[in-house]
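**Student:** next comes the sequence, and after it the predicted model I'd like to discuss.
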Amino acid sequence: MSISTHVLDAVAGRPAAGIAVRLLVGDDVVAEGITDADGRCRLTEEATAAGTHRLVFATGPWFAAQARETFYPEVVLTFAVIEPAEHHHVPLLLSPFAYSTYRGS
């Protein structure tokens, strides 16, 4: 059905607005966006193909804009789309020196 993400700044305890996000299938960028004021970004509205997908978050520029140091200048989340008709929500919980993710709903 679609692919979306939600980025939360774990240190500040609030949404991470303004992070550039790219969706790749293989080496092809199929969608791009920027997290909104609530830290959310919907990358596709329609079904995507089955297979391996990657979300690439430009975390380095985002931290730099806030004068914050980070160990991760980029976060890449690789996930499998098994059922293309389903919605795939891939959240990112972010801090300067760690991150975590899960399959959301």
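**Tutor:** Looks like it arrived, so ask away. Numbers count the residues shown, from 1 in each chain.

**Student:** could you list the buried residues of stretch 60-67?
**Tutor:** Across stretch 60-67, burial judged by 16 or more other C-beta atoms under 10 Å covers 62, 63. All C-beta atoms are positioned from the backbone trio N, CA, C, and that covers glycine.

**Student:** off-centre distance for stretch 65-75?
**Tutor:** Its chain's C-alpha centre and that of stretch 65-75 lie 15 Å apart, by C-alpha atoms, centre = their mean, to the nearest Å.

**Student:** would you mind measuring from residue 99 to residue 51?
**Tutor:** Relative to residue 51, residue 99 is positioned 24 Å away (C-beta to C-beta, to the nearest Å).

**Student:** cool, and residue 32?
**Tutor:** Going from residue 32 to residue 51 by C-beta to C-beta gives 19 Å.

**Student:** what do you get for residue 69?
**Tutor:** Plainly put, residue 69 is 36 Å away from residue 51 if you go by C-beta to C-beta.

**Student:** with residue 83 instead?
**Tutor:** 12 Å.

**Student:** residue 19 too?
**Tutor:** On the measure of C-beta to C-beta, residue 19 and residue 51 end up 25 Å apart.
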